[in-house]
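S.K.: sequence plus the predicted model coming up.
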2 protein chains.
Amino acid sequence: MIQMELRTPRGTRDFMPSEMERRERVFSIIRNVYERYGFRPLGTPAFEEMEVLTAKCGEEVSKQIYGISDSSYGLRFDLTVPLARVVASNTSIPKPFKRYQIGPVWRRDEPQKGRFREFWQADIDIVGSASMLSEVEVIAAACEALSELGFSGFEVRLNNRKLLNAFVENTGIPKESVGAVFRALDKLEKIGVEGVKSELREKAGLTDNKILDIMAFTSINGDNTQKLEAVLKLIGGNASGMEGISELKEIIGLFNKYEISRKCSLIIDFSLVRGLDYYTGPIFEVKLPEGVIGGLSIAAGGRYDNLIQLYGAPPTPATGISLGVERILEAIKKQEVEERRDLVFVATVKPDFLDYAIKVVQELRKAGIRAEMDLMGRNLRKQLDYANAIGARFVAVVGEKEAKEQTLTLRDFSSGKEETCSLPDAIKRLE
Amino acid sequence: MIQMELRTPRGTRDFMPSEMERRERVFSIIRNVYERYGFRPLGTPAFEEMEVLTAKCGEEVSKQIYGISDSSYGLRFDLTVPLARVVASNTSIPKPFKRYQIGPVWRRDEPQKGRFREFWQADIDIVGSASMLSEVEVIAAACEALSELGFSGFEVRLNNRKLLNAFVENTGIPKESVGAVFRALDKLEKIGVEGVKSELREKAGLTDNKILDIMAFTSINGDNTQKLEAVLKLIGGNASGMEGISELKEIIGLFNKYEISRKCSLIIDFSLVRGLDYYTGPIFEVKLPEGVIGGLSIAAGGRYDNLIQLYGAPPTPATGISLGVERILEAIKKQEVEERRDLVFVATVKPDFLDYAIKVVQELRKAGIRAEMDLMGRNLRKQLDYANAIGARFVAVVGEKEAKEQTLTLRDFSSGKEETCSLPDAIKRLE
């Protein structure tokens, strides 16, 4: 046979059972919180019409879309664009529409440590409500999920595109440079203050004075109240800016009514920009404390009131947040101590007792217990090795005596304890 | 804005919340049974190297693979090929390897009623065991899942490629025609006896005598014992054929030890062929009774002992079954009476009571109850309409009296009953 490339495509991965079980546990916790918050699942295809995908994704993301050969389709790069399409093409959906979606997305990005070409996202969005209560609901749900996943000490960073716009407008920066300014600011963590300055100079074509103004704006200090006072002076009078300030105040006020606010702080951060072009109002990011995966952003989102009407729908406000599932899993992997699974392996002393072994295995399964038996006619020693290799928690040995007396000898792999009991008693112990 | 195509790509679908909830319920039941049977989850990428995909998928399937532009990748068309690649490239996996995978696959097939270009499969496979106990385990698990999904009266059809091969060999049909013969036979249900005959004549180039022999073989009648006796005469002495017969006998004997065998009959059917080229031993199909989605096959599989070594691994026997998730969902949709969801909508009499509404919603969620509230400042009437539209089971009305007394007025949407109670009492009622 021909030698084949057996690795997965670059930037994609196989998930072996233990890893996959961890992932499913994480997804299930997230799903559970989302559902309690009244979000309902939505499913969309892996690929979409290219013109739907590229409608407002910005050039950088557009270059990363995987096309499907001989078609007008491309693989989805996020879960927000499909949502916008669904809402625009189903105007009868009751509003607000609160949906969640957990699934893979694909980007032909340069793979790096922790960055993949196929990766999962877990999104919630609220479509149809202009109220800041929506922002609070999605932020609270995301924080609740992170908390249930075992994280603590995380921070919610908060800004508002309306404020950014107002400030940029007041500073007299021409409209056509705004995009470049935002893209430069978004790189603050990656390339530092000096890097941002030189990008503002070179790519956005700003003068040194304007650059200083912008840097002063993004580095406003103090607690939330002080920051809002300071920014009020800077944007003073600009109507969009005033809206931005009042929205931030409203979010902070409402969020404090949620118990989860005691577990994470909401911090105004004027340096937060968020790359995507479609944001129009509040934007936010949840960051883990420095010690955990480098204090990286683990959830992010914002309001995008103009995206859905781009697909031909009437004006439809919307806001949402996306949990960075891969980073969450990376962080959990580092903390977690691997647990033995609750699997029972029924080991047969001799092939003669296969009938009884089948009975035992089936009775266990019937009681909802994960159970396995030898499928290879192996000797006892090899069966035990196998049970150990697949991470079974218990071994139930069945031999002549057990088959005759309808019992089994149950050994706890982790404690080494062993006892012989009837099948119903064993089930009671294992349940 | 430009008029865009807002439909999903041909043969793909959006799943709106009610539909998606039904799908997730079905997946969760299947996953649960698979896990109880000791299968563990495996995850693989959506796309693979094209040479991996096409290694042994046959020409017809090969034409249906979606390619990824500017790459050597294609979207997976089933979950067996990725499994074979994973096993071949990870030789240290303890054997037998029992894995399940539930996920979408893609085929550029002609979409028809109930046939899609993006569709889900739910597979279990046992890799590394040559024992017929593996066949029995996968068949039993699939039947158990179907039974828990509410199906009954289904039949397991069983045949063996070794028998088919032996018969074809004995009949003196040249090796190069075997593929064409199998493909013709596989169409029996679709094109009928006469259709198969003319295809055997035209595509496989068989004489009328040979065609009569083959049709006689596929239509052997009687109970399983009679069928096995009759076929023994036809293939008499052929070593592969004798193996095939003894495998069928073993499967029937073992399957009868499983309680699930009382809910479904295992029927030998020599006309069963199964399209895929890679099957080498027992093949099987589970069919629903005639009345349910036309008695179609709802699960199918077989043994493929040569597939994995094709990817450079040592000889590795394997067998598996795939549940036809889309057909299952179609059948369930027809039976199911839509149930109201357990969601509670907290309706606020006036915006003044928002704080208390937030408290109520959050306490309900904390107790694990799905809860929602108004996000739009709507009047009570409109809130109730919305609660009804999203299928809420209960409405909890909070107004001045409730806020003051820390109670809520709970109305059961389906019975129309209403009562005022304390928050803890309400939680007890709703849990």
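M.R.: Right, received. Where do you want to start?

S.K.: in the stretch 101-250 of chain A, what residue lies closest to chain B?
M.R.: residue A:129 (4.4 Å; Cβ to the nearest Cβ). In short, each C-beta sits where N, CA and C put it, glycine included.

S.K.: next one, pLDDT for that residue please.
M.R.: On the pLDDT scale, residue A:129 is placed at 96.

S.K.: now swap in residue A:193 and tell me
M.R.: Reported pLDDT for residue A:193: 90.

S.K.: now the helices for the stretch 151-300 of chain A?
M.R.: All helices of the stretch 151-300 of chain A, identified by DSSP state H, counting those that start in this stretch, fall at A:161-170, A:178-185, A:188-202, A:208-218, A:224-235, A:239-255.

S.K.: out of these, which gets the lowest mean score?
M.R.: helix A:178-185 (a mean of 87).

S.K.: what sits up against that helix?
M.R.: When contacts are defined by Cβ atoms under 8 Å, 6 or more residues apart in numbering or on different chains, helix A:178-185 is touched by residues A:164-165, A:168, A:173, A:196, A:199-200, A:203-206, A:214, A:218, A:271, A:273, A:275, A:277.

S.K.: now, of the residues you listed, which are buried?
M.R.: A:164-165, A:168, A:173, A:196, A:199-200, A:204, A:206, A:214, A:218, A:271, A:273, A:277 (16 or more other Cβ atoms under 10 Å in any protein chain shown).

S.K.: in JSON lines: these, plus distance to chain B.
M.R.: As requested, the buried ones among the contacts of helix A:178-185 are arranged in JSON lines below (distance: Cβ to the nearest Cβ, whole Å):
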{"residue": "A:164", "distance to chain B": "25"}
{"residue": "A:165", "distance to chain B": "22"}
{"residue": "A:168", "distance to chain B": "25"}
{"residue": "A:173", "distance to chain B": "27"}
{"residue": "A:196", "distance to chain B": "33"}
{"residue": "A:199", "distance to chain B": "30"}
{"residue": "A:200", "distance to chain B": "31"}
{"residue": "A:204", "distance to chain B": "27"}
{"residue": "A:206", "distance to chain B": "31"}
{"residue": "A:214", "distance to chain B": "32"}
{"residue": "A:218", "distance to chain B": "31"}
{"residue": "A:271", "distance to chain B": "29"}
{"residue": "A:273", "distance to chain B": "26"}
{"residue": "A:277", "distance to chain B": "15"}
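
S.K.: those residues into a markdown table, with extra columns for distance to residue B:405?
M.R.: Shown next, in a markdown table, are these (distance: Cβ to Cβ, whole Å):
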| residue | distance to residue B:405 |
| --- | --- |
| A:164 | 45 |
| A:165 | 46 |
| A:168 | 51 |
| A:173 | 55 |
| A:196 | 55 |
| A:199 | 59 |
| A:200 | 58 |
| A:204 | 59 |
| A:206 | 60 |
| A:214 | 53 |
| A:218 | 49 |
| A:271 | 47 |
| A:273 | 47 |
| A:277 | 49 |
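
S.K.: out of the residues you listed, who's nearest residue B:380?
M.R.: residue A:165 (36.9 Å; Cβ to Cβ).

S.K.: before we move on, back to that, which of the helices of the stretch 151-300 of chain A is buried the deepest?
M.R.: Neighbour counts (mean count of other Cβ atoms under 10 Å in any protein chain shown) averaged over each of those peak at helix A:161-170, with a mean of 22.

S.K.: can you pull the contacts of residue A:105?
M.R.: Applying Cβ under 8 Å, 6+ apart, the residues near residue A:105 are A:75, A:76, A:77, A:78, A:79, A:118, A:119, A:120, A:121.

S.K.: quick one: end-to-end length of stretch A:120-139, please.
M.R.: Stretch A:120-139 stretches 19 Å from its first residue to its last (Cα to Cα, to the nearest Å).

S.K.: in that stretch, what's buried?
M.R.: For stretch A:120-139, by 16+ other Cβ under 10 Å, it's A:120-139.

S.K.: again with stretch A:285-293
M.R.: In stretch A:285-293, residues buried by neighbour count (16+ other Cβ under 10 Å) are A:285, A:286, A:287, A:288, A:292, A:293.

S.K.: so how far is it off the chain centroid?
M.R.: 14 Å (Cα atoms, centre = their mean, to the nearest Å).

S.K.: export it as CSV, just CAs?
M.R.: Output of stretch A:285-293 as CSV, limited to C-alpha atoms (Å, rounded to 0.1, in the frame of the first residue of the first chain):
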residue,chain,number,x,y,z
GLU,A,285,-14.3,40.7,27.4
VAL,A,286,-13.9,38.3,30.3
LYS,A,287,-10.3,37.7,31.5
LEU,A,288,-8.9,35.1,33.8
PRO,A,289,-6.5,36.2,36.5
GLU,A,290,-2.8,36.5,35.4
GLY,A,291,-1.8,33.1,36.8
VAL,A,292,-4.3,31.2,34.6
ILE,A,293,-3.3,30.8,30.9
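
S.K.: now that stretch: mean pLDDT?
M.R.: 83.

S.K.: all the strands of the stretch 251-400 of chain A, in order from the start?
M.R.: A:265-268, A:282-287, A:297-303, A:318-323, A:344-348, A:371-373, A:394-398 (DSSP state E, counting those that start in this stretch).

S.K.: list the contacts for the residue nearest to residue A:238 when sequence neighbours are not counted?
M.R.: In this structure, residue A:238 finds its nearest non-sequential neighbour in residue A:166, 3.9 Å apart by Cβ to Cβ, 6 or more residues apart in numbering or on different chains. Residue A:166 sits next to A:235, A:238, A:240, A:241, A:242, A:244 when contact means Cβ under 8 Å, 6+ apart.

S.K.: chain B contacts on the stretch 151-300 of chain A?
M.R.: A:254, A:257, A:258, A:259 (Cβ under 8 Å from any Cβ of the partner chain).

S.K.: follow-up on the earlier one: quick one, phi/psi of the residue of the stretch 101-250 of chain A closest to chain B?
M.R.: Dihedral pair for residue A:129: phi -120, psi 130, per degrees, to the nearest 10.

S.K.: repeat for the one 5 residues further on
M.R.: Dihedral angles of residue A:134 (phi, psi; degrees, to the nearest 10) stand at phi -60, psi -50.

S.K.: coming back round to it: adding distance to residue B:108, write the strands of the stretch 251-400 of chain A out as JSON lines.
M.R.: Shown next, in JSON lines, are the strands of the stretch 251-400 of chain A (distance: least, Cβ to Cβ, whole Å):
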{"stretch": "strand A:265-268", "distance to residue B:108": "49"}
{"stretch": "strand A:282-287", "distance to residue B:108": "40"}
{"stretch": "strand A:297-303", "distance to residue B:108": "35"}
{"stretch": "strand A:318-323", "distance to residue B:108": "31"}
{"stretch": "strand A:344-348", "distance to residue B:108": "43"}
{"stretch": "strand A:371-373", "distance to residue B:108": "39"}
{"stretch": "strand A:394-398", "distance to residue B:108": "47"}
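
S.K.: buried residues, the helix or strand of chain A with the lowest mean pLDDT. List them.
M.R.: Using mean pLDDT, DSSP states H and E, helix A:58-63 stands out as the lowest-scoring helix or strand of chain A, at a mean of 84. For helix A:58-63, burial by neighbour count (16+ other Cβ under 10 Å) applies to residue A:61.
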